[in-house]
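Q: Sequence plus predicted model, see below.
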Amino acid sequence: MLIAVWNMLQTGETFNEPDGDSYAKRSPEKAKRRAIDQLRNLGSTVTIEPTTA
């Protein structure tokens, strides 16, 4: 929170809450890997297949 306040004071901008999927948009490979790991930790077998366009 301190970093957010410091940035707001430095830039003069107000705080904008990031979207719920902003992490996935910024780093899609990490988000995919994290989701797969979460499913595996819950006991699921995960198979990834590419989609066709």
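A: Great, that's in hand. This structure is a prediction, so every number in the text was calculated from the model and none was measured.

Q: In the chain, mark out all the helices, start to finish.
A: 2-11, 22-26, 28-41 (DSSP state H).

Q: Dump those into a markdown table; add mean pLDDT as well.
A: Formatted as a markdown table, the helices of the chain follow (pLDDT from 0 to 100):
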| stretch | mean pLDDT |
| --- | --- |
| helix 2-11 | 89 |
| helix 22-26 | 84 |
| helix 28-41 | 94 |
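
Q: Need the ones you listed in JSON lines (columns: distance to Ile48 and mean neighbour count).
A: Backbone N, C-alpha and C define where each C-beta goes, glycine included. Formatted as JSON lines, the helices of the chain follow (distance: least, C-beta to C-beta, whole Å; neighbours: other C-beta atoms under 10 Å):
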{"stretch": "helix 2-11", "distance to Ile48": "35", "mean neighbour count": "9"}
{"stretch": "helix 22-26", "distance to Ile48": "15", "mean neighbour count": "12"}
{"stretch": "helix 28-41", "distance to Ile48": "7", "mean neighbour count": "11"}
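
Q: Let me have those in JSON lines, adding distance to Pro50 as columns.
A: Below are those laid out as JSON lines (distance: least, C-beta to C-beta, whole Å):
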{"stretch": "helix 2-11", "distance to Pro50": "38"}
{"stretch": "helix 22-26", "distance to Pro50": "18"}
{"stretch": "helix 28-41", "distance to Pro50": "12"}
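
Q: Would you mind telling me which of the ones you listed is nearest Thr47?
A: Closest approach to Thr47 among those is made by helix 28-41 (9.9 Å; C-beta to C-beta).
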